[in-house]
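Trainee: Next come a sequence and a model predicted from it.
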Amino acid sequence: MRPDEAHIIQLKDYRPSDFLIDRVELDVRLDPRATRVTSRLTIRPNPEGRSDAPLVLDGDDLNLRAVSLDGRALDSSEYAAGPQLLSISQPPRQPFTLVIETELDPTANTKLMGLYRSGGNYCTQCEADGFRRITYFLDRPDVLSVYTTRIEADRDEAPVLLGNGNPLESGAVEGTNRHFAVWHDPHPKPSYLFALVGGRLGHVGQSFTTMGGRNVALKVYVEPGKEDRASYALDALERSMRWDERVFGREYDLDVFNIVAVSDFNMGAMENKGLNIFNDKYVLASPETATDADYANIEAIIAHEYFHNWTGNRVTCRDWFQLCLKEGLTVFRDQEFSSDERSRPVHRIAEVKTLRARQFAEDASPLAHPVRPQQYREINNFYTATVYEKGAEIVRMLKTVIGEEAFRRGMDLYFERCDGTAATVEDFLDAFATVTGRDLGHFARWYAQAGTPRVAVRGSYDPHAQTYRLDFTQATAPTPGQATKEPMAIPVAIGLVARDGSTLTPRSDRTSSRGVFLLDKAEDSLTFSDVTSHPVPSVFRDFSAPVKTSLDLSNEDLLVLLRHDTDAFNRWQAAQTVAMRLLISLAKGMPVPNGAFEGLTAALCAFLEREAQRDPAFAALVLTLPGEADAAQEMGTEVDPDAIHGARQQLRHVIGAACSRHLRELYGSLADEGPYSPDAASAGRRALRNVCLDLLAAADAQTGEQLADTQFKTAGNMTDRLAALGVLMTLPGYAREAAIAAFESRYADEPLVLDKWFTLQATIQEEETLARVRRLLDHPAFSISNPNRVRSLIGSFAMLNPTQFNRRDGQGYEFLADMVLRADPLNPQLAARLLTAFGSWRIMEKERRERAKGALLRIAENASLSRDVADIVQRSLEEPVSR
Ligand code: B3K
Ligand code: ZN
C-alpha cells in the first residue's frame with residue numbers, strides 16, 4: 001500500500017473550509033468516451049477559515065483541460081494540478097470566479113462513482129466523494145452552493161436530460177443532432193447531492209399538491225417498456241410525501257420530483273436533490289417478477305430517499321463523521337412510515353431481526369465502530385448497519401425517553417434551527433435538550449461507544465409484601481480502540497404479566513407514565529408494589545433498546561409470555577428465546593432437558609390453533625426459528641456452523657412433525673384467492689402459508705417435495721413461486737433440478753429475477769454448492785461488473801450460506817478472497833462490501849479460524865489493493881483488544 005493511502009481522517013481534526021463556493025454553473029457535454037465538463041465557480045474566502053490559506057480543490061482521476069481565474073487563463077506557475085488535486089497557492093482574498101474544464105470517460109468508469117454509464121444511459125453517484133471524479137471541487141459536505149446545470153447530449157443517445165432542482169429551459173443545439181436542458185436548484189446543497197441523468201427512458205407520473213398548495217410533478221423513469229412496473233414506486237412516493245406532511249409537518253420544496261432507475265448501482269438508492277437515482281431492484285415490481293419482500297423494500301427505500309429531502313438535504317451533515325445524523329434519523333423515519341402503512345408490531349420484529357443479524361454481528365466483529373466513528377480511512381466503508389440501523393435505534397430510544405409529544409417539538413426545533421445548514425449530532429441533541437430541559441449528555445454516549453450492551457435481569461417476588469423486584473446489571477465488551485466501557489443510558493420498557501392472563505396493575509415510582517425505566521448505571525434495581533400474584537416480567541417491550549438480554553426465566557415462564565403478554569414483540573421474543581436455547585443445546589451436543597421440545601411444540605400448536613388466522617403475518621414470524629447466523633452469534637465462540645445447521649434442521653423437523661395437522665390445515669385454508677395484491681394483510685397470509693410449507697417439508701421430505709413442486713408450477717405470483725423453489729432447494733433430487741431449469745428458462749430475460757435464482761442456488765447448504773457457484777460465474781446472465789449480480793451470487797454465498805462459506809476445508813474463504821481480488825480493480829466499493837463477510841471469522845472454531853485468517857492474509861499481501869479493501873482487510877486482521 002502507498003503511504004498516502006494509510007492516511008487516517010480524524011473527527012478531532014475538523015476545521016471549517018478556508019473557502020466557500022456560493023454558486024456553481026456547470027456545462028456538461030455528454031459523450032460516451034470524452035465528456036466535457038466546464039465548471040464556473042463563484043468562490044470567496046470563508047470568514048471562519050484561515051486568511052492565508054491556498055485554495056486546494058479535490059480531484060479523483062481527473063484530466064484537466066483548462067483553468068482560468070476571473071476571465072484570465074492561469075499560468076502554469078500559478079497552480080498545481082494532478083488527477084487528485086488542483087491547488088492555487090495565491091488565490092484572491094476577495095470573491096472570484098474560477099472556471100475549470102475537465103474531460104471524462106464515463107464508459108470506462110467501472111467504479112460507479114462520479115459520472116458513469118449504465119445500460120447505455122448516463123448517470124452519476126456523488127456520495128460520499130464522487131463529485132471530485134467529475135470536476136475539481138471543495139468536495140466536502142459543509143460547502144453549500146446553488147447549482148445551475150446545463151446538460152447537452154446527442155438527441156438519439158439521450159433524449160431525456162435530467163438535473164437537480166427545477167427545469168429552466170431546453171432546446172436544440174443549432175446545426176447539430178444535439179440538444180440541451182438547463183436545470184436550476186435554488187436550495188444550496190453540498191456536492192454529494194449533485195446528480196444528472198441522460199438517456200433513453202420511459203416514465204410514469206402524476207401530480208401532487210403539497211399541504212401549502214405547491215404543485216409538484218412526480219415522475220419515475222425506467223427502461224422503456226418497463227413503465228408498468230414503476231407504478232408501485234410512484235404510489236409509494238405519493239404516500240411518503242403525504243405521510244411526511246402529516247407526521248413531521250415537512251413539505252416538498254421544488255416543482256418536480258424525479259426518480260430514475262438504473263441497473264448498475266453500488267447500493268440501494270441515492271437522495272440527490274429533486275433527482276433520486278435508484279438501483280432498479282428497488283423500483284421495478286410486478287406480481288410476476290417481484291416478491292412481497294421486494295414490494296416492502298421498494299416502499300421503504302422510496303420513502304427513505306424522499307425523507308432525506310429534509311433529513312439530509314435541507315439539513316445536511318457538517319462532515320462525514322456525522323453520517324448517522326442523516327442516515328440513522330432517516331432510517332428511523334422510514335421505519336415509522338412502514339409501520340404506519342403496514343403492521344407496527346410485525347414491522348418492529350422485522351427491524352429487530354435485521355438489526356441483530358447485521359448490526360449486532362458487526363458490533364461483535366473486528367469491524368465494530370461507534371455510530372459516530374472517531375476516525376476513518378475510507379468513508380465509503382462506514383455506510384454500515386451500525387451507522388444506519390443502530391443510528392435509527394438511538395433516535396427511537398430518544399423518543400421513548402422523552403415521549404412522543406416532546407419528540408415532535410424537538411424535531412420541529414431541529415428543523416427550524418438547522419434548515420439550510422450542515423449540522424452535527426450535537427445540534428440534533430441540543431434541540432431535544434432545549435424542548436425538554438433535560439441534560440442529554442449521558443444519552444449521547446450511544447453515539448460514541450461501540451458494542452452491544454448486555455443487560456442481565458433477575459426478578460424476585462415477595463408474596464407477603466406483594467412486591468416484585470427487578471435487578472439489572474449492564475456491561476459492554478471491548479471493541480477495537482475501546483478497551484473499557486462506561487454504562488449506557490438504557491430505556492427499559494417493562495410490564496408484569498400474570499400467569500393466568502389476568503391484568504396486573506403494579507406501581508413503581510421508578511418507571512415513567514409510559515412504563516419505562518431508565519437504567520443508567522452499571523447496576524440498579526426497582527421494586528413494584530401492588531403485585532397480587534407471582535408475575536412473569538416482560539422487559540424491553542417493543543425492543544426498547546438495542547441490547548442483548550440475559551433473562552432469569554424458565555422456558556415455562558417464557559411460554560407464559562408467548563401466551564399472555566400484551567406486547568407483541570415480547571410474545572415473539574419469548575418463542576425465539578426458547579427455540580434459541582434448544583438450538584444451542586443441540587448444536588453443542590448437550591442433553592435437551594426433559595419436556596423441552598414438547599413444551600415448545602405444544603405452545604406453538606396451541607398458538608396456531610388459537611390465533612394464526614387472526615394475524616397471519618405475526619404467526620409466520622412466531623413460527624420461524626432463529627437463523628443459523630443468529631445462533632452462531634449467540635454462541636459467540638468456537639462456532640461449528642455444521643453443528644448449528646444440523647441442530648436447526650432437527651428442530652424444524654420436530655416442530656413440523658408435532659404441528660403437522662395445523663400446518664396442513666393452514667396451508668390449505670390460506671391459499672390465495674383473487675388477483676395478487678402486495679398489501680400487508682395479503683402478504684401476511686402468503687408468508688404464513690409458505691412457513692407452513694417449509695415446516696411440512698422439514699417434517700416429511702416426500703410430502704414437502706410434492707407440495708412445493710405443485711406450488712412452484714401453479715403459483716400465480718413470484719412470492720409463492722420463489723418460496724416453493726426455496727423449499728425445493730432444501731430437498732436434493734430431480735424435482736429440484738427440474739425446477740431450477742424451468743425457472744431459468746422462464747425468466748431468461750429478467751436480470752432481477754435471475755438474481756433470485758442465483759441467490760437460491762448459492763445458499764443451498766450442501767457440499768456441491770461451491771462448485772455450482774463457480775459454474776454460475778460463467779452463466780451468460782452473470783457479470784462481475786454488475787453489483788446486483790455479484791451480490792446475488794457471490795455475496796449471498798458468503799453471507800447467507802454459513803455451512804458452505806465456512807467450509808472446514810477453507811475453500812469457501814479462498815473463493816471469496818479470489819472474488820474480492822477480482823472485483824477490486826473494477827469496483828472497490830463492491831469488493832470491500834463482499835469482504836465484510838469475513839466479519840464472523842474470529843468466532844469460528846480453530847480450524848476454520850486458521851483457514852479464514854489465511855485467506856485474509858492472502859488478500860492483505862496484495863500490493864495493489866484499493867483503499868476500500870485495504871482498510872477492511874487490515875481492520876479484520878487486527879488483534880482484538882481485551883480489557
Ligand atoms: N445516502 C446514500 C448512500 C450513499 C452511499 C455512498 N457509498 C443512500 C441512502 O442512505 O439513502
Ligand atoms: Zn439514507
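Mentor: Received, thanks. Predicted model, so just to flag it, every value in this text is computed and none were measured. Ligands and ions are numbered 1, 2, ... in the order given.
Trainee: My guess is residue 481 contacts residue 881. True?
Mentor: Yes: with contact defined as CB atoms under 8 Å, residue 481 reaches residue 881; the gap is 7.2 Å. Glycine gets a C-beta too; all of them are placed from N, C-alpha and C.
Trainee: Name the residues that touch the helix or strand hosting residue 123?
Mentor: For residue 123, the host element (DSSP states H and E) is strand 121-125. Residues from elsewhere that reach strand 121-125, judged by CB atoms under 8 Å, 6 or more residues apart in numbering: 30, 35, 106, 112-117, 130, 134, 153, 158, 194-201, 260, 262, 265-266, 270, 272, 277.
Trainee: now, which of the residues you listed lie close to ligand 2?
Mentor: With the criterion set as CB under 5 Å from the ion, no member of these is near ligand 2.
Trainee: List of residues touching stretch 741-753?
Mentor: 263, 280-281, 284, 289-290, 712, 718, 721, 725, 754, 757, 781, 786, 788-789.
Trainee: Dump the C-alpha coordinates for it into CSV.
Mentor: Taking Å, rounded to 0.1, in the frame of the first residue of the first chain, the C-alpha atoms of stretch 741-753 are listed here in CSV:
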residue,chain,number,x,y,z
ALA,A,741,-34.0,-25.3,-15.0
ALA,A,742,-37.7,-24.3,-15.5
PHE,A,743,-37.2,-21.1,-13.6
GLU,A,744,-34.1,-20.2,-15.6
SER,A,745,-35.8,-20.5,-18.9
ARG,A,746,-39.0,-18.8,-17.8
TYR,A,747,-37.0,-15.7,-16.6
ALA,A,748,-34.1,-15.7,-19.0
ASP,A,749,-34.7,-12.1,-20.0
GLU,A,750,-35.3,-10.8,-16.5
PRO,A,751,-32.0,-10.0,-14.8
LEU,A,752,-33.6,-9.0,-11.4
VAL,A,753,-35.4,-12.4,-11.3
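Trainee: Looking at it now, give me its mean pLDDT.
Mentor: Mean pLDDT, stretch 741-753: 98.
Trainee: mind checking the end-to-end distance for stretch 659-676?
Mentor: 28 Å (CA to CA, to the nearest Å).
Trainee: you'd agree residue 138 is up against residue 22?
Mentor: No: Residue 138 is beyond contact range of residue 22, at 11.6 Å (criterion: CB under 8 Å).
Trainee: Please identify which of these two sits among more neighbours.
Mentor: residue 138 (23 against 14; other CB atoms under 10 Å).
Trainee: If any of the contacts of strand 121-125 are buried, put those into a PyMOL selection.
Mentor: In PyMOL, this line selects whichever of the contacts of strand 121-125 come out buried by 16 or more other CB atoms under 10 Å:
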select buried, resi 30+35+106+112+113+114+115+116+117+130+134+153+158+194+195+196+197+198+199+201+260+262+265+266+270+272+277
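Trainee: Where strands are concerned, which of the contacts of strand 121-125 count?
Mentor: 35, 114-117, 153, 196-199, 260, 262, 270, 277 (DSSP state E).
Trainee: possible to save those as a markdown table with pLDDT?
Mentor: Formatted as a markdown table, these follow (pLDDT from 0 to 100):
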| residue | pLDDT |
| --- | --- |
| 35 | 99 |
| 114 | 99 |
| 115 | 99 |
| 116 | 99 |
| 117 | 98 |
| 153 | 99 |
| 196 | 99 |
| 197 | 99 |
| 198 | 99 |
| 199 | 98 |
| 260 | 99 |
| 262 | 98 |
| 270 | 99 |
| 277 | 99 |
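Trainee: Looking at those, which is nearest ligand 2?
Mentor: Closest approach between those and ligand 2, by CB to the ion: residue 270, at 8.4 Å.
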